[in-house]
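1. build me a model from this:
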Amino acid sequence: MYQNNSIYKRALALAVPMMIQNGITNMVGLIDNIMVGNLGTEAISAVSIVGQLIFVFNLAVFGGLSGPGIYSAQYYGKGDIEGVRNTFRIKHYVCAVCLALGLLAFTLGGDKLIGLYLQGESETVDPVLTMQLAGEYLGIMLWGLLPFAVTQIFASTLRETGDSIKPMIGGVFSVVTDILFNYLLIFGKLGFPEMGVKGAALATVIARVVEMLVVIVWAFVRKKRHAFLQGAYRTMLVPVKTASVIIRKGLPIFFNEFLWAGGIAALTQNYSILGLDIVPGINISNALCNLLNVVFIALGNAVGILIGQTLGAKQYEQAKKDSFALMRFTGGICIILTVILVSVSGVFPDFYDTTDEIRKNAALFIVITALFFPVQGYLNALYFTLRSGGKTFVTFLFDSVFTWVIVVPAAFLLCRFSSLSVFVIYTIIQAADILKLVIGYVLIRKGIWISNITDTCEG
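-> Numbering: from 1, shown residues only. Predicted coordinates:
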């Protein structure tokens, strides 16, 4: 079944619904940003800082589920539904651990984490007010961590078994809910209280709950189609050998995603040393760039699923051929995204009620980020190809170790001990990924990632 259709069509069939779902989700983030942006610079900074912290939690969940997800895709490719069922159960334990640790960290250390981003100086940003708003925003956002984690358990397994429509529809409902309640609660419309940034946080929590309910209820209504759900909760026990192999293989992915997200947060913290005006500028840039990077992120996920299914069917030469085709395809699409971002970079920041300096900063960050989109797209497809064959330790070295050993120290030194502008430093940090691309290409060319990892769980 793997050779009858174009690999590009199969990739797009999986990726487009994910693009739509993630694009809608990021559109919510964009609208949130613009709405909050009308509350002033301190509100933008507060939401941006908390967003960095929540991003680390979200990536930890994503990384924790990705290990079982590799096996889920390969099990599905070989027709082993009980194997898929076991990975689905393991995901529950993974999310329970992530949730417990996340709540503990944010509850006990939230103020200290927020304070790390308020060490720079600014004539226009009030750090005390920013700290207050960020604390209020974080306190409410914590209620959204559970529904987010539960949604990911179901949505990831549905995608790995070939259904990316239900998660997409859940995302649509989430977006509509979020936009509606943002308008009602931020500005106090139609009799609702005017809550400002607290209203933005509450709207997000409500939207998370709605998304969770849509995905779960719809999945169980169509349980006959999703065979892994049949009897999935008769027991939560998983064979010891299966669990140990999957957890051992998945841990590098968990630590990779967690440390990589932490590295991105650390980079922003380093940039903030150069001025409190930097953080809102990066936030505005990210709000727009994240709207388009869903394209290569979704294609990367599709690459991982398709190559994983092909490896599960033991069609190794086809997997290698498809991996190179999909990497080139993703990189090419990202060139188009670069053109789009650069063309709107001077207009988009005007939607925010902030200073001219911050708008100028945002426009420059958008252009720099856009120029490296093709590199990021190719890297993303390359990363998921390596991971599809179970080379999780290699991807751990390739991604998060590279970030913390090379990128973060470079940013630390350049921000504190050089006279370079933040934009030159930002460009240098982005360019460092070219080295990673070269290393990754060599690894893919050698074919060290090609393997059927499900065989190690049997017996």
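2. contacts only, for the most centrally placed residue in the chain.
-> Nearest to the mean C-alpha position of the chain, by CA atoms, centre = their mean, lies residue 59 at 5.7 Å. By CB atoms under 8 Å, 6 or more residues apart in numbering, residue 59 lies in contact with 257, 258, 260, 261. Glycine gets a C-beta too; all of them are placed from N, C-alpha and C.
3. report pLDDT for it.
-> Confidence at residue 59, expressed as pLDDT, is 85.
4. could you report the separation of it from residue 27?
-> According to CB to CB, to the nearest Å, residue 59 stands 20 Å off from residue 27.
5. list the contacts for the nearest residue to residue 215 once chain neighbours are set aside?
-> Distances taken as CB to CB, 6 or more residues apart in numbering place residue 170 nearest to residue 215, at 4.0 Å, with adjacent residues excluded. Listed by CB under 8 Å, 6+ apart, the contact partners of residue 170 are 21, 151, 155, 211, 212, 214, 215, 218.
6. helices or strands next to the helix or strand where the fourth one lies in the packing?
-> Pointing back at residue 211 there. Following DSSP states H and E, one finds residue 211 within helix 197-221. On a contact count with 3 or more CB pairs under 8 Å, 6 or more residues apart in numbering; DSSP states H and E, helix 197-221 meets helix 7-37, helix 41-78, helix 127-141, helix 145-160, helix 165-187.
7. go through the ones you listed and name the closest to residue 291.
-> When those are compared by CB to CB, helix 7-37 sits nearest residue 291, at 4.8 Å.
8. so which elements touch that closest one?
-> helix 41-78, helix 165-187, helix 197-221, helix 278-292, helix 294-312, helix 316-344.
9. reformat the ones you listed as JSON lines; add distance to residue 15.
-> Output for the helices and strands packed on helix 7-37, formatted as JSON lines (distance: least, CB to CB, whole Å):
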{"stretch": "helix 41-78", "distance to residue 15": "14"}
{"stretch": "helix 165-187", "distance to residue 15": "11"}
{"stretch": "helix 197-221", "distance to residue 15": "18"}
{"stretch": "helix 278-292", "distance to residue 15": "14"}
{"stretch": "helix 294-312", "distance to residue 15": "4"}
{"stretch": "helix 316-344", "distance to residue 15": "9"}
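10. isn't residue 138 right up against residue 114?
-> Yes: between residue 138 and residue 114 there is a contact under CB atoms under 8 Å: 7.2 Å.
11. so how far is stretch 292-306 off the chain centroid?
-> Centroid displacement of stretch 292-306 relative to its chain, using CA atoms, centre = their mean, to the nearest Å, is 11 Å.
12. list of residues touching it?
-> Residues outside stretch 292-306 that contact it (CB under 8 Å, 6+ apart) are 7, 10-12, 14-16, 18-19, 22-23, 26, 69-70, 73, 159-160, 322-323, 326-327, 329-330, 333-334, 337, 340-341, 373, 376-377, 380-381, 383-385, 387-388.
13. quick one: mean pLDDT over that stretch.
-> In this model, stretch 292-306 has an average pLDDT of 82.
14. ok, now stretch 398-411?
-> Mean per-residue pLDDT for stretch 398-411: 90.
15. any idea which of the helices and strands packed on helix 197-221 gets closest to residue 366?
-> Smallest distance to residue 366 across those (CB to CB): 12.7 Å, for helix 7-37.
16. buried ones in the closest one?
-> Counting neighbours by 16 or more other CB atoms under 10 Å, one finds that the buried residues in helix 7-37 are 7, 10-12, 14-37.
17. next one: it to chain centre, how far?
-> From the chain centre to the centre of helix 7-37 is a distance of 11 Å (CA atoms, centre = their mean).
18. and what of stretch 401-420?
-> Taking CA atoms, centre = their mean, one finds stretch 401-420 lying 23 Å from the centre of the chain it belongs to.
19. likewise stretch 435-447?
-> Centroid separation for stretch 435-447 versus its chain: 23 Å, with CA atoms, centre = their mean.
20. low-confidence ranges in the chain?
-> In the predicted model, the chain carries pLDDT under 70 at residues 1-5, 21, 25, 28-29, 120-124, 390, 392, 449-459.
21. residues touching the nearest residue to residue 342 once chain neighbours are set aside, list them.
-> Of all residues not flanking residue 342 in the chain, residue 370 sits nearest, at 5.1 Å (CB to CB, 6+ apart). Shown in contact with residue 370 (CB under 8 Å, 6+ apart): 289, 337, 338, 341, 342, 345.
22. among the contacts of residue 59, which one sits closest to residue 206?
-> Of all these, residue 206 sits closest to residue 261, with 24.6 Å by CB to CB.
23. the helix or strand harbouring the residue nearest to residue 342 vs helix 7-37, what angle?
-> Take DSSP H and E as the rule and residue 370 turns out to sit in helix 356-371. With axes from the mean of the first three to the mean of the last three CA atoms, to 10 degrees defining the directions, helix 356-371 sits at 170 degrees from helix 7-37.
24. tell me the buried residues in helix 356-371?
-> Residues of helix 356-371 classed as buried by neighbour count (16+ other CB under 10 Å): 358, 359, 361, 362, 363, 364, 365, 366, 367, 368, 369, 370.
25. state the distance from the last one to residue 336.
-> Here residue 370 is placed at a distance of 11 Å from residue 336 (CB to CB).
26. what does the fourth one give?
-> Shown here: residue 362 relative to residue 336, a distance of 22 Å by CB to CB.
27. one step back: what is in contact with residue 138 and residue 114 at once?
-> Shared contacts of residue 138 and residue 114, defined by CB under 8 Å, 6+ apart, comprise 50, 53.
28. how about stretch 403-421 as PDB, C-alpha atoms only?
-> Taking C-alpha atoms only, stretch 403-421 is exported to PDB below (Å, rounded to 0.1, in the frame of the first residue of the first chain):
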ATOM      1  CA  THR A 403      21.200  23.800  22.000                       C
ATOM      2  CA  TRP A 404      22.600  23.800  25.500                       C
ATOM      3  CA  VAL A 405      26.200  23.100  24.600                       C
ATOM      4  CA  ILE A 406      26.600  25.500  21.700                       C
ATOM      5  CA  VAL A 407      23.600  27.800  21.200                       C
ATOM      6  CA  VAL A 408      22.700  28.900  24.700                       C
ATOM      7  CA  PRO A 409      26.300  29.500  25.900                       C
ATOM      8  CA  ALA A 410      26.900  31.500  22.700                       C
ATOM      9  CA  ALA A 411      23.900  33.700  23.400                       C
ATOM     10  CA  PHE A 412      24.900  34.100  27.000                       C
ATOM     11  CA  LEU A 413      28.400  35.300  26.100                       C
ATOM     12  CA  LEU A 414      27.300  37.500  23.200                       C
ATOM     13  CA  CYS A 415      24.500  39.200  25.200                       C
ATOM     14  CA  ARG A 416      26.700  39.900  28.200                       C
ATOM     15  CA  PHE A 417      30.300  40.400  26.800                       C
ATOM     16  CA  SER A 418      29.900  41.800  23.300                       C
ATOM     17  CA  SER A 419      28.800  45.200  21.900                       C
ATOM     18  CA  LEU A 420      26.800  43.500  19.100                       C
ATOM     19  CA  SER A 421      23.100  44.500  18.800                       C
END
